[in-house]
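>>> Structure for this input, please:
(chains A and B)
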Amino acid sequence: DAGITQSPRYKITETGRQVTLMCHQTWSHSYMFWYRQDLGHGLRLIYYSAAADITDKGEVPDGYVVSRSKTENFPLTLESATRSQTSVYFCASSGGWTGVGYTFGSGTRLTVV
Amino acid sequence: KQEVTQIPAALSVPEGENLVLNCSFTDSAIYNLQWFRQDPGKGLTSLLLIQSSQREQTSGRLNASLDKSSGRSTLYIAASQPGDSATYLCAVLRRGYSGGSNYKLTFGKGTLLTVNP
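So this is what the prediction gives:
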């Protein structure tokens, strides 16, 4: 199916563990983004990518790592999970910066215990 | 720093009522403004995108307006239905202050709309 898919939908992990959230899009969009959504903070940008092998930090990048070896995939890794990283994570993609809108995945609800 | 504010934070209306959701932003140097809908436990669905050169966009019962100079946008929902119940988010796109070629999408915290049958 065309679209943007995230996996897993739900994840529980322990403090200190490494966890990777997956994001896959089928539109060949150049731009991809990772956001986290928390009560009281709204949506905040973690990392973004303008193309394969080009990534840059957003507002809250600490504790996260991204890669983009292929245009369609943009995994987000928590190197050593902390309880403050409990959140809902959304991946998004866009065909450009200014002319088009963003499309979001369904999210991954991550709980760090 | 761009700040996006949405008022009210929550709104409850009877079915059939016309309603307006408000979004304001502090930096008028934006490229576009997008309205999203988010259902509980779900992702964001794009509703309307207004370019900075446009005044409004319409889709079905939804109409979004943009007044860039005053830093305001409104989302008008006509003849509201229980299925419209969701959180509505606005987001503005501007160039990142750090320079370079990156842009930044800044979200408001949303308006939780409940339409009662």
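>>> Going by C-alpha atoms from here, please, whenever you check contacts or count neighbours.
Noted.
>>> Going along the chain, name the strands of the chain.
You didn't say which chain, so I picked chain A. Taking DSSP state E to define them, one finds strands in chain A at A:4-7, A:10-13, A:19-25, A:31-38, A:42-51, A:54-57, A:64-66, A:76-78, A:87-94, A:103-104, A:108-112.
>>> wrong one, chain B
B:4-7, B:10-14, B:19-25, B:30-38, B:44-51, B:56-59, B:62-67, B:72-77, B:86-95, B:103-107, B:111-116.
>>> Tell me the spatial nearest neighbour of B:D84, not counting adjacent residues.
B:V115 (6.7 Å; C-alpha to C-alpha, 6 or more residues apart in numbering or on different chains).
>>> next one: A:I12
A:T111 (4.7 Å).
>>> If you tally nearby residues, what's the number for the one you found?
Neighbours of A:T111 under the rule other C-alpha atoms under 10 Å in any protein chain shown: 19.
>>> Now do the contacts for the residue nearest to A:V88 when sequence neighbours are not counted.
Setting aside the residues directly before and after it, A:V88 is nearest to A:R109 in space (C-alpha to C-alpha, 6+ apart), at 4.4 Å. Counting by C-alpha atoms under 8 Å, 6 or more residues apart in numbering or on different chains, A:R109 touches A:9-11, A:86-89.
>>> Next, whichever residue of chain A sits closest to chain B: phi, psi?
Of all residues in chain A, the one sitting closest to chain B is A:S106 (4.0 Å; C-alpha to the nearest C-alpha). The phi/psi pair for A:S106 (degrees, to the nearest 10) reads phi -80, psi -10.
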